[in-house]
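> when you get a sec, could you give me coordinates for this:
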Amino acid sequence: MDWKIELIPVPVTDVDRAKAFYEKVGFNADHDHKVHEGLRFVQLTPPGSACSIVIGEGLTDKTPGTQEIQVVVAHAEVARKQLLDAGVDASEVDVQPWGNFVYFRDPDGNSWSLQAIESRPNG
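Next up is the predicted model:
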């Protein structure tokens, strides 16, 4: 039986600011629904991803700025350029024996690492 990660909560202080940031980076806003006062659910999916993030109100007790997420990209340099073109402060490409990495943070300080590797053992 396959187990597939579907949704990762990302704690933020300002939902609309965070939503605009992730859309600027290229994420698709799949859902934005205020269930009731104190509960808002905003689901965003990175391009080509089967897993999404959720931001909103009343979703997590995590402190904004504490989430760390790593994603795989085809080319670190291309991903970095996309971030820079969107006005996001991105690191230089960090070349390691196991892959090339680019790092950035959202407006709340949640950290992202983008990893480009030659091949993955599980596809």
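
> can I take it that R17 is in a strand?
No - per DSSP: H, G, I helix; E, B strand; the rest coil, R17 lies outside any strand segment and is helix.

> so where is the protein shaky, pLDDT-wise?
For the chain, the stretches with pLDDT under 70 are 119-123.

> parallel or antiparallel, which strands does the lengthiest strand in the chain pair with?
The longest strand of the chain (DSSP state E) is strand 28-36. Note on strand 28-36: by DSSP bridges, its sheet partners are strand 39-45 (antiparallel).

> who touches Q43 in this structure?
Shown in contact with Q43 (Cβ atoms under 8 Å, 6 or more residues apart in numbering): L7, A29, D30, H31, D32, S52, I53, V54. Just so you know, the C-beta spots here come from the backbone N, C-alpha and C atoms, and that holds for glycine as well.

> grab the nearest non-local neighbour of the fourth one.
It stands for H31. The spatially closest residue to H31, leaving aside those adjacent along the chain, is Q43, at 4.3 Å (Cβ to Cβ, 6 or more residues apart in numbering).
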